[in-house]
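S.K.: Here is my input; please provide its structure:
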Amino acid sequence: MRDVVEIGLGREARRMYGLGEVDLVPSRRTRSSKEVSTAWQIDAYQMDIPVMTHPTDAVVSPSSALEFSNLGGLAVLNGEGLWARHADPEAAIAELRELALEDVTGHRAVARLQELHRAPIDQELLAAAVQKIRDDGATVAVRVSPQRARELTPGLIKAGIDLLVIQGTIISAEHVSGEDEPLNLKDFIGGLDVPVIAGGVVDYKTALHLMRTGAAGVIVGYGGVNGVTTTGPVLGVEVHMATAIADAAAARRDYLDETGGRYVHVIADGDIYNSGDIARAVACGADAVALGPLLAGALESPGRGVYWDSVAAHPNLPRGHVAEADDETDLAPLVEVLNGPTNVPDGTRNLMGGLRRAMAKCGYTDVKGFQKVDLSVRT
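M.R.: As a prediction, the model looks like this:
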């Protein structure tokens, strides 16, 4: 039953919950964390951990993609970012980092990011970045926006990507534009030879529609964490992730019944600040999570502690800062961030150790089973 409240005469609103408002309820059985598996497989691609990166140049470069892949995750390169626009993206990122550390408002860094993104996309540069990741032996995943999916995808497939991520702030099964022919994702995905992850969505109906397009995975949320201003300040859009994930998981269940067994993965992207939030996201029904700021503090991340979301580069309405992800924490090797060991006790390091321990304390040995754990809501 939907929890609906009246906010005024003739106007009602649904009560929804963020990840920080729900908690796990352990069962009578516990296990050793050594018996827990965090393996995740989407289509033919097997990962050791249920984590993909948010597609931002602050976190993903061809070299960091390899490091992330070696540690068992799925790195997603931004196909419309600096690697596709500049011959020396490392220099551009270093400049952005310096600006962000000098200016606490981040406005100068955002202005420079916008300027860097005015350079046209060079498909040869993008193909070269894809080839570098492929040659290194990592699974190649690249993000494009719905607006440019038709333009960029043929070149990406030719370059040898394994997975295509079609991601916008809020996405629908049919992207309508007054300037171009509408992008019908069902027709578009049906004509591709690579699996597609699409998102973000925030409700049951849109999640179900995206599943019906043939997507292998659906992203819930839009990376909403500190530094992203799509919420109240700019658009007034807020994603209450616990409810949004549970709604998408319900759509996954109904679609599984509708198709007689086709399973679509739910990937949570937003409201994740620590390993406890990762555990909560999985408990609400996510198969995997997408991480951005939590990975920005890794030594291997191009931004080296400075983070920005791809929407921060919007030419007319930037919806994010270019700023330090966490000014209280020193940089650490990616292996410590993901798998430990660590001496940082706040859940921002050894993320998978935290997830494994949560699963073990609740008596579950795999991610799929952990989606059935009991939950409580804070009052």
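S.K.: Just want the most central residue of this structure.
M.R.: Nearest residue to the geometric centre of the chain (C-alpha atoms, centre = their mean): A290, 3.0 Å.
S.K.: How about the contacts made by that one?
M.R.: By C-beta atoms under 8 Å, 6 or more residues apart in numbering, the contact list for A290 reads V51, M52, T53, H54, V76, I219, G221, G223, I267, A268, D269. Glycine gets a C-beta too; all of them are placed from N, C-alpha and C.
S.K.: Quickly list what it is bridged to.
M.R.: Beta-bridge pairing of A290 under DSSP bridges involves M52.
S.K.: coming back round to it: among the contacts of A290, which one lies nearest to A111?
M.R.: Set against A111, the nearest of the contacts of A290 by C-beta to C-beta is G223 (21.1 Å).
S.K.: Poorly predicted segments of the stretch 251-379 of the chain, please.
M.R.: Counting by pLDDT under 70, the stretch 251-379 of the chain has low-confidence residues at 327-329.
S.K.: For it, which segments are assigned as helices?
M.R.: Remark: helices assigned in the stretch 251-379 of the chain by DSSP state H, counting those that start in this stretch are 275-284, 293-296, 334-339, 351-361, 367-370.
S.K.: Distance of the residue nearest to the centre of the chain relative to A313?
M.R.: Applying C-beta to C-beta, to the nearest Å, the value for A290 to A313 is 18 Å.
S.K.: E238 too?
M.R.: To A313, E238 is 22 Å away according to C-beta to C-beta.
S.K.: who has more neighbours, these two?
M.R.: Neighbours of E238 and A313, each counted by other C-beta atoms under 10 Å, are more numerous for A313; the result is 25 against 14.
S.K.: and the gap between the nearest residue to the more buried one once chain neighbours are set aside and N343?
M.R.: Nearest non-adjacent residue to A313, counting by C-beta to C-beta, 6 or more residues apart in numbering: H117, 4.2 Å away. The gap separating H117 from N343 is 38 Å, by C-beta to C-beta.
S.K.: what about the two, which has more around it?
M.R.: More crowded of H117 and N343, by other C-beta under 10 Å: H117, with 22 against 9.
S.K.: returning to that earlier point: out of the contacts of A290, name the ones that lie in strands.
M.R.: Judged by DSSP state E, the contacts of A290 include V51, M52, T53, V76, I219, G221, G223, I267, A268, D269 as members of strands.
S.K.: out of the residues you listed, who's nearest L164?
M.R.: Closest approach to L164 among these (C-beta to C-beta): V76, at 9.8 Å.
S.K.: wait, what's in contact with that closest one?
M.R.: Neighbouring residues of V76 by C-beta under 8 Å, 6+ apart: M52, T53, H54, P55, V60, A141, V142, R143, V165, A290.
S.K.: What of L338?
M.R.: L338 makes contacts with I49, V51, L71, G72, G73, N350, L351, M352, as judged by C-beta under 8 Å, 6+ apart.
S.K.: ok, now with 10 Å
M.R.: The contact partners of L338, by C-beta atoms under 10 Å, 6 or more residues apart in numbering, come to 48-49, 51, 67-68, 71-73, 291, 294-295, 298, 349-353.
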